[in-house]
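> pasting the sequence and the predicted coordinates here, then a few questions.
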Amino acid sequence: MASVITASEPSWIAPFTGLSPRQFGKLVTVLRREGADAVRKGRPWSLSLEDRALLVAAYWRTNLTMRQLAPLFRVSKSAADRIIDHLGPMLALQPRKRFAKGAVLIADGTLVPTRDHTIAERSKNYRYSTNHQVVIDADTRLVVVVGQPLAGNRNDCKAWEESGAKAAVGKTTTIADGGYPGTGLVIPHRRERGQTELPDWNEEHNKSHKQVRARVEHVFARMKTWKILRDCRLKGDGVHHAMLGIARMHNLALAG
């Protein structure tokens, strides 16, 4: 029996992936080139690569449970789970290793509510969350680095280095908010002890800094239209794979 949702019907792709059919086709082509559809031992997949990619994207996009998602693709809950475990890591964004001369990056951390309490802690949003350090290109607004997730109670100063984001960025000029003092990042000017107000030129710098830095907040807002980042039920590395995969799809949607 045919699936209720299938990639062979283009009208299903945009609502369940956030990508146009053409962008989704590009993603599947790259996955096939990277060996996602290679013949493996054991029972073959009951779904085509296109439908498996759609299933994973639909899971991240809607955050439906396996009990709800599996019937839409006419597979069992365990089969849907295996597809996500297998294909999720292959959808991951690869961090950029080199940056153009004069490039400016923007860094910030975002909290993802996470059910797996072995990797999450209570954070300032009063929920068990993981802290994800994300770096975007200030010009293109594309995600270039996503650090390893840390417990949500870890402050951004420590998370910046411990997540691996600092090493990935290297010496490239990177701006951030005032929560990153002492990290070497470009942060807003602060009043010094005994200073009642900042000089006008500091205020002007802070204003332009804030306007540019807001771009990373816009990226977070777009990424969190994939609802799994609002309440992640995945265990272990699942939240990291979801964050990386969504970053890749966000970039594809933005770049066309």
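Looks like it arrived, so ask away.
> so who does residue 110 touch?
Residue 110 makes contact with 131-132, 134, 220 under the criterion C-beta atoms under 8 Å, 6 or more residues apart in numbering. In this view, the C-beta of every residue, glycine as well, is placed from N, C-alpha and C.
> hey, which helix or strand in the chain has the poorest pLDDT?
helix 200-223 (a mean of 90; mean pLDDT, DSSP states H and E).
> so where do the helices sit in this structure?
For the chain, applying DSSP state H gives helices covering 13-17, 21-33, 49-62, 66-69, 77-87, 156-162, 165-169, 200-223, 238-255.
> how far off helix 238-255 does the least confident helix or strand of the chain point, in degrees?
Using axes from the mean of the first three to the mean of the last three C-alpha atoms, to 10 degrees, the direction of helix 200-223 lies 100 degrees away from that of helix 238-255.
> break the chain into its domains for me.
10-91, 104-255 (automatic domain parsing).
> and those as CSV, adding distance to residue 4?
Below are the domains of the chain laid out as CSV (distance: least, C-beta to C-beta, whole Å):
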stretch, distance to residue 4
domain 10-91, 5
domain 104-255, 19
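> nearest to residue 97, out of these?
domain 104-255 (8.2 Å; C-beta to C-beta).
> so how far is that closest one from its chain's centroid?
11 Å (C-alpha atoms, centre = their mean, to the nearest Å).
> how far does that domain stretch from one end to the other?
End-to-end distance of domain 104-255 (C-alpha to C-alpha, to the nearest Å): 18 Å.
> ok, stretch 134-147 next?
6 Å.
> average pLDDT across that stretch?
The average pLDDT within stretch 134-147 is 96.
> cool, and stretch 105-115?
Mean predicted confidence for stretch 105-115 is 96.
> ok, and for that stretch, which residues are buried?
105-114 (16 or more other C-beta atoms under 10 Å).
> low-confidence stretches in this protein?
The chain contains residues with pLDDT under 70 at 1-3, 194.
> wait, what's in contact with residue 224?
Contact analysis of residue 224 by C-beta under 8 Å, 6+ apart lists residue 230.
> and it, what are its phi and psi?
Phi and psi for residue 224, reported as degrees, to the nearest 10, are phi -80, psi 10.
> so how far is residue 242 from it?
Distance of residue 224 to residue 242, given as C-beta to C-beta, to the nearest Å: 11 Å.
> the residue nearest to residue 91 when sequence neighbours are not counted - how many residues pack around it?
The shortest distance from residue 91 to any non-neighbouring residue, by C-beta to C-beta, 6 or more residues apart in numbering, is to residue 245 (3.7 Å). When counting by other C-beta atoms under 10 Å, one arrives at 23 neighbours for residue 245.
> which ones are touching residue 245?
Here residue 245 is in contact with 56, 60, 88, 91-93 (criterion: C-beta under 8 Å, 6+ apart).
> next: residue 189.
198, 202, 205-206.
> please tell me I have it right and residue 73 contacts residue 48.
No. Residue 73 lies out of contact with residue 48 (C-beta atoms under 8 Å); the separation is 10.8 Å.
> between those two, which one's more packed in?
Each of residue 73 and residue 48 has its neighbours counted (other C-beta under 10 Å); residue 73 has more, 21 against 15.
> contacts only, for that one.
Per C-beta under 8 Å, 6+ apart, neighbours of residue 73: 3-6, 47, 51, 54-55, 80.
> buried members of those into ChimeraX, please.
What follows is the ChimeraX syntax for the buried subset of the contacts of residue 73, where burial is set by 16+ other C-beta under 10 Å:
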select :3,5,6,47,51,54,55,80
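> what's the farthest-apart pair in the contacts of residue 73?
6 and 80, at 14.4 Å, using C-beta to C-beta across the contacts of residue 73.
> of all the helices of the chain, which lies closest to residue 98?
That would be helix 165-169 among the helices of the chain, by C-beta to C-beta, at 10.9 Å.
> not counting residues beside it along the chain, what's closest to residue 222?
residue 250 (5.9 Å).
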